[in-house]
Each structure stands twice: as C-alpha cells, then as structure tokens.
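K.L.:
What follows is a predicted protein model with its sequence.
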Amino acid sequence: METAPRSAPSSTSPLRPWIAVFPFAAAILSVAAVHRSVAGRLPDPLATHFGVDGRADGYSTVQGFLTGCLLGLVVLGAGCVGWAVLRRTAAPTRWVITAGWGLAAMLAWPACTTLLGNARAADAAATRLPFWHLAVALGAAVLAGALGWLLAGPDARPEPVAPGAAPRLTLTGSESAGWSRAVRSPLPALLGALLTVGGLVAGFLDSWPTGGVLLCTGLLVAALSSVRVTVDRRGLTLAPTLPAVPFRRVRLDKVVEATSRNVVTAAEFGGWGYRVRPDRSGLVLRSGEGLVLRLTGGREFVVTVDDAATAAALFNAYLDRARSRQGG
C-alpha cells in the first residue's frame with residue numbers, strides 16, 4: 001500500500017513571519033530617514049514622475065507623496081503581520097517571503113531617489129531622475145528577493161506515515177451512518193461581499209456588463225466561503241451551505257484509503273480556496289485538521305474540516321464494506 005504524506009510544519013523556522021515583515025519595516029525607516037535628512041531642502045510640490053529622458057513630468061505635494069509611499073509599505077507589511085498573527089500554523093512560504101523582499105526594495109528605492117533628486121535641484125521642474133535608476137531599482141529588488149530566499153530557508157516537506165494507520169469504524173450488517181460538518185472562512189465571505197457590492201455600484205453607475213461580472217464573481221466567492229462536507233455510503237460530497245447544490249463528489253471506488261492530518265495550507269497548496277496542485281487538490285479554507293483521501297490514481301484530495309478523523313474512519317468503513325462485497 002502507498003504511504004500517505006503528513007505535513008511537517010516544524011521544519012520551517014518560527015522566525016519566518018518576522019523575516020517576511022522585516023523588509024517592509026526597513027523600507028519604511030529608510031524612506032523616513034531620507035525625508036528627515038533632506039526635509040529642509042525639498043520643494044513643494046515635488047517632482048514625482050519622470051519621462052524616459054529623466055525630466056520631470058508629474059508633481060505631487062510632499063505630504064501626498066510620503067503618504068502614498070508609506071501607506072503602500074504599511075499595508076503590505078501589515079498583511080505579513082496579519083499572516084504571522086492569524087496563521088500561526090502556516091508560516092509564509094519561501095516564495096511569499098522572496099516576493100515581499102523584492103517588492104519592498106522596488107518601492108523604497110524610487111521613493112528615496114525621488115526625495116534625494118528633488119533636494120539637489122533648484123526647483124521641482126529642474127529635478128532629473130535618469131532612466132537607469134529603474135534598472136538599479138530592478139537590480140535591488142532581485143538582490144533583496146535573493147536575500148529573502150536565503151533567509152527563509154526550505155519550505156516544509158511532507159513526511160510519510162506508516163501504512164494501515166488510517167482510522168476505521170465498524171458497520172455491522174446493513175447498518176448505515178453519515179457524517180457532516182460545515183467549514184467556513186470569513187475572508188472569502190468578506191471578499192465576496194465586497195465584490196457583490198462593487199458589482200452593484202458598477203452596474204448602476206457605469207455599465208452592467210462590468211457590474212455583472214463582479215456581481216457573479218462575488219456571489220460565487222461568497223457561496224464557497226461556507227461549505228458543507230458530507231461522508232456517507234456514496235463517498236464524499238461538497239456543497240455550499242447556500243445554495244446546497246453539490247459541486248464535488250468523490251465516490252468510494254475512486255479512493256484507496258482515507259486519513260486525517262494537520263494541513264499546512266500555505267506550504268502544501270500555496271493559498272486558500274479550491275486548489276489544484278500536481279500531486280493533490282482539494283478545498284482548503286484554512287490550515288489545521290483535514291480529511292485526506294488517497295485516490296486510485298496516486299493523487300490526494302484534501303478538505304480542511306473539524307473532526308476529520310471521524311470522517312476518515314467512516315469513509316474507511318464504507319470502503320471495507322464495498323471491498324468485502326466485491327470479494328464475496
């Protein structure tokens with residue numbers, strides 16, 4: 001019998017969330033330090049946009065420029081802090097950290113060079129920022145991303161679990177049983193609500209084709225934010241809580257064995273929702289306890305849901321019954 005993978009979140013550094021946050025904090029401090037050092041020499045408004053020839057062709061107030069730069073960095077950094085606080089069992093993946101370091105450098109470099117360029121010029125119109133600064137910013141982003149990649153270290157790798165460790169319930173004779181739980185995620189629900197409201201606003205104020213797309217997307221996302229997971233004699237069924245129309249079924253004859261384990265969503269699937277990877281797929285609305293079906297084709301189907309061990313035990317009981325009838 002094939003071995004079932006078990007996630008190993010302990011193999012990743014507990015400092016990972018803070019490694020992800022660090023470049024944004026460093027970028028904010030860098031922009032603030034540069035502004036403090038040149039504040040007395042800055043024109044107002046500032047030259048904030050430059051053409052290919054390096055000449056200024058766009059302007060902004062000092063306060064507006066700083067607010068935009070710092071707010072962007074704060075929002076991105078706060079996202080990483082939120083990950084650290086809310087996803088204690090799922091540290092940011094190596095690629096997320098790499099992208100964060102690169103993005104922080106890509107935002108901080110132009111902000112600092114823009115402030116320094118304005119401080120050196122007699123007035124905003126005389127400010128020059130040669131086009132090669134863009135290449136330098138890209139290079140800084142690549143170097144910062146590489147540093148983030150090295151500091152993050154490898155992602156968690158699955159470790160095998162011994163065959164036969166899957167739980168089982170005993171069903172006597174023609175006895176039947178069922179198991180059902182609802183799994184919910186507030187983030188897709190919020191996103192769905194925002195898209196739905198945005199679609200209605202766009203429809204009334206702009207055009208219904210655009211609004212209709214947003215509205216339909218919002219309703220779909222909201223529907224998948226709460227899903228009922230059912231295990232019975234037919235196998236596994238997934239259906240939105242409202243409307244209760246199944247969108248995924250996994251029959252008994254498609255499954256080798258059912259197990260339960262802790263699922264590290266970010267490390268194993270790279271995100272939340274209905275995910276498809278080369279070796280596994282499933283509905284993962286959060287990290288934590290999950291039902292894992294090992295399919296006959298060698299892949300896994302995963303659903304993160306409470307009381308997954310009971311669901312796996314019941315699924316295996318129906319598998320044993322089906323196989324005993326085939327053998328008989």
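P.N.:
Arrived safely, thanks for sending. Residues are numbered from 1 along each chain as shown.
K.L.:
so who does Pro110 touch?
P.N.:
Shown in contact with Pro110 (CB atoms under 8 Å, 6 or more residues apart in numbering): 133-134, 137. C-beta here means a position set from N, CA and C on the backbone, and glycine is covered the same way.
K.L.:
same thing but 10 Å
P.N.:
48, 50, 69, 129, 133-134, 136-137, 140 (CB atoms under 10 Å, 6 or more residues apart in numbering).
K.L.:
In three-state terms, label Val256 for me.
P.N.:
Secondary structure state of Val256, per DSSP: H, G, I helix; E, B strand; the rest coil, is strand.
K.L.:
part of a strand, is Ala144?
P.N.:
No - with three-state DSSP as the criterion, Ala144 is helix rather than part of a strand.
K.L.:
Show me what counts as buried in stretch 188-206.
P.N.:
Neighbour counts over stretch 188-206 (16 or more other CB atoms under 10 Å) mark 188-189, 191-192, 195-196, 198-199, 202-203 as buried.
K.L.:
Let me fix that, I meant to ask about stretch 108-122.
P.N.:
108-119, 121.
K.L.:
for the helix or strand harbouring Gly218, packing partners?
P.N.:
Here Gly218, judged by DSSP states H and E, is contained in helix 208-223. Counting contacts by 3 or more CB pairs under 10 Å, 6 or more residues apart in numbering; DSSP states H and E, helix 208-223 is packed against helix 186-205, strand 235-240.
K.L.:
Give me the distance from stretch 316-328 to the chain's centre.
P.N.:
Here stretch 316-328 shows a centroid-to-chain-centroid distance of 39 Å under the convention CA atoms, centre = their mean, to the nearest Å.
K.L.:
can you pull out the strands in the stretch 201-328 of the chain?
P.N.:
For the stretch 201-328 of the chain, the strands defined by DSSP state E, counting those that start in this stretch occupy 226-232, 235-240, 248-251, 255-263, 273-276, 280-284, 288-295, 300-304.
K.L.:
just so I know, which of those strands lies nearest Asn316?
P.N.:
Checking these against Asn316 by CB to CB gives strand 255-263 as the closest, at 5.2 Å.
K.L.:
what's the closest one packed up against?
P.N.:
With 3+ CB pairs under 10 Å, 6+ apart as the test, strand 255-263 has strand 4-6, strand 235-240, strand 280-284, strand 288-295, strand 300-304, helix 308-327 packed against it.
K.L.:
got the buried residues for that strand?
P.N.:
255, 257-261, 263.
K.L.:
Starting from that strand, tell me which strands it pairs with and how they run.
P.N.:
strand 288-295 (antiparallel) (DSSP bridges).
K.L.:
where does Val52 fall, helix, sheet strand or coil?
P.N.:
At Val52 the chain is in coil, as set by three-state DSSP.
K.L.:
which residues does it contact?
P.N.:
130-131, 134.
K.L.:
Show me these that map onto helices.
P.N.:
Leu134 (DSSP state H).
K.L.:
from memory Val229 sits against Gly178, does it?
P.N.:
No - using CB atoms under 10 Å, Val229 is not in contact with Gly178, being 11.4 Å away.
K.L.:
So between the two, which is more surrounded?
P.N.:
Using other CB atoms under 10 Å as the criterion, Val229 and Gly178 rank with Val229 on top: 23 against 10.
K.L.:
Can you add distance to Asp307 and pLDDT and give the buried residues of strand 255-263 back as a markdown table?
P.N.:
A markdown table is the format used below for the buried residues of strand 255-263 (distance: CB to CB, whole Å; pLDDT from 0 to 100):
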| residue | distance to Asp307 | pLDDT |
| --- | --- | --- |
| Val255 | 19 | 95 |
| Glu257 | 18 | 94 |
| Ala258 | 13 | 95 |
| Thr259 | 14 | 94 |
| Ser260 | 9 | 92 |
| Arg261 | 13 | 91 |
| Val263 | 14 | 90 |
